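Trainee: Next one to model:
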Amino acid sequence: MNKLPKAWSVQRINKYRNQPCLIDGHRFASKAEGKRFSELRLLERGNYIKDLKLQPRFQLKIGDSDLLCTYVGDFSYIDDKGKYILEDVKGVRTPVFRLKKRLMSALLKIEITEIT
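Mentor: Reported below is the predicted structural model:
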């Protein structure tokens with residue numbers, strides 16, 4: 001079987017130059033997201049936050065109409081004051097993200113906390 005020359009076997013470069021990482025068996029899209037996960041795990045162990053969830057999904061629709069889109073956050077948790085927090089680790093604020101952030105606020109009354 002023929003193999004490609006080494007010059008052709010170039011690793012794929014991600015669109016925003018993020019480097020995926022694996023932490024505690026979870027794959028994260030970027031090192032920044034993995035670092036934030038580690039920070040949140042420490043806060044959870046110290047009882048500063050609870051109910052930490054990875055990649056919470058929200059369906060965005062108006063009333064009983066068809067589904068507009070789905071928003072997938074990076075993390076959600078309850079802070080020590082009992083407030084629900086939804087976080088998204090961002091390196092680049094794309095137009096799609098800005099639109100979904102506004103839809104989350106308008107339709108579900110949930111504010112997204114951006115971590116840069």
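Trainee: Now do L22 against L52, distance only.
Mentor: Separation of L22 from L52 (C-beta to C-beta, to the nearest Å) stands at 18 Å. (C-beta placed from N, C-alpha, C; glycine too.)
Trainee: of these two, who's got more company?
Mentor: Taking other C-beta atoms under 10 Å, L22 and L52 do not tie; L52 has more neighbours (15 against 9).
Trainee: bridging residues for D88?
Mentor: Counting by DSSP bridges, D88 is bridged to E114.
Trainee: Distance check, the residue positioned nearest the centre of the chain against D64.
Mentor: Nearest to the mean C-alpha position of the chain, by C-alpha atoms, centre = their mean, lies D74 at 2.3 Å. Counting by C-beta to C-beta, the gap between D74 and D64 amounts to 29 Å.
Trainee: quick one, what contacts the residue nearest to the centre of the chain?
Mentor: 33, 36, 54-55, 87-89, 115 (C-beta atoms under 8 Å, 6 or more residues apart in numbering).
Trainee: Check whether M104 sits in a helix, strand or coil.
Mentor: At M104, secondary structure determined by DSSP: H, G, I helix; E, B strand; the rest coil is helix.
Trainee: Could you check how far it is from P20?
Mentor: From M104 to P20 the distance is 25 Å (C-beta to C-beta).
Trainee: Between these two, which is the more surrounded one?
Mentor: Neighbour count, other C-beta under 10 Å: between M104 and P20, M104 has more, with 19 against 12.
Trainee: residue boundaries of the strands in this protein?
Mentor: Counting by DSSP state E, the chain has strands at residues 21-23, 26-28, 49-54, 57-61, 67-72, 75-79, 84-89, 112-115.
Trainee: Okay, and the beta partners of the closest residue to L43 other than its chain neighbours?
Mentor: Leaving out its chain neighbours, the residue that sits closest to L43 by C-beta to C-beta, 6 or more residues apart in numbering is I49, at 4.7 Å. Counting by DSSP bridges, I49 forms beta bridges with D79.
Trainee: Distance check, I49 against L68.
Mentor: 30 Å.
Trainee: K100 is nearest to which of the strands of the chain?
Mentor: strand 67-72 (4.7 Å; C-beta to C-beta).
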